[in-house]
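Peer 1: mind looking at a prediction? Sequence and model below.
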Amino acid sequence: MAKPMKHIGRHGERKVAVVFREVPNQEHMCLVVYPGTLSTPMHDSLMKAIESPEAQAENSLSDALHRMLFSDGRPILGTLHQEGYLKKVEAKQVYMTPNPKSSVNLAEMNEIINQMATGDEARQKMAKLDAERGLKDPAKTTSANIGTDGALSDADIAKQQLDQATKMEAESKSLLAESKRLKEEAYKLDASLKPKPKVTKKPAAKKTTAKRTTKSKTTA
């Protein structure tokens, strides 16, 4: 039997990945991505990220995606935001599908999750959903992951991208230094492998042909 898959659902007949379960000040709305609208490399990277243990351990997919990269090195969450792939839809129109044979309304699930702090009754409801539909009980996750998920602002996205760019620059410098060290060691082991300096040939001097002048003799 296939393991339940979090964060995947349907909006009408379309498959969605629910990135933010709720939108700040618009808790009845959520932010989703339609994987079918992505290019093949982006689609494959996104699905691989969703299926990862890191994403499956998170209560909100956004918490995992902001740490992950597409195959071309771009941050997943920032790219989805900047390129307009995050779409706002009503939570009650989305049904989470942890497996092909079960589904749960996202608005209903959000309501139960948000009631977790009120007592055991909500936990019992979620446990029932867990048993009937294969959903993971959010009460088993850390309290830091339970609550309202806010959409990131452009400033937040920009800061994350700068942080990632700084990290990538540091890594590239480290890789270049390591590459230089390995080359030097290789040349010490076998000097014949060391590239020989290029010899610049001087351009050949142009030959000039002296013009001969013929003086006509004047006969008296």
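Peer 2: In hand now; what should we look at? Residues are numbered from 1 along each chain as shown.
Peer 1: please count neighbours and contacts with C-alpha atoms only from this point.
Peer 2: OK.
Peer 1: could I get the full set of helices for this structure?
Peer 2: 40-51, 53-57, 61-65, 76-82, 106-114, 120-133, 154-189 (DSSP state H).
Peer 1: lowest average pLDDT across these?
Peer 2: Sorting the helices of the chain by mean pLDDT places helix 120-133 lowest, at a mean of 61.
Peer 1: verify the contact between L61 and P53 for me.
Peer 2: No. If you go by Cα atoms under 8 Å, L61 and P53 don't touch, sitting 11.5 Å apart.
Peer 1: who's more crowded, the two?
Peer 2: Applying other Cα atoms under 10 Å to L61 and P53 shows that L61 carries more neighbours, namely 24 against 10.
Peer 1: K183 versus that one, what's the distance?
Peer 2: Separation of L61 from K183 (Cα to Cα, to the nearest Å): 43 Å.
Peer 1: next, count neighbours for P195.
Peer 2: Neighbours around P195, by other Cα under 10 Å: 8.
Peer 1: heads up, I number from 49, so please use that
Peer 2: Done: numbering now begins at 49, and the last item shifts to P243.
Peer 1: and it, how far is that from T88?
Peer 2: When distance is defined by Cα to Cα, P243 is 41 Å away from T88.
Peer 1: please apply the same query to E106.
Peer 2: As judged by Cα to Cα, E106 and T88 stand 25 Å apart.
Peer 1: the more surrounded of these two?
Peer 2: Neighbour count, other Cα under 10 Å: between E106 and T88, E106 has more, with 18 against 11.
Peer 1: in this structure the more buried one contacts H114, no?
Peer 2: No. If you go by Cα under 8 Å, E106 and H114 don't touch, sitting 11.9 Å apart.
Peer 1: phi, psi of D238?
Peer 2: phi -150, psi 100 (degrees, to the nearest 10).
Peer 1: neighbours around it, how many?
Peer 2: Neighbours of D238 under the rule other Cα under 10 Å: 10.
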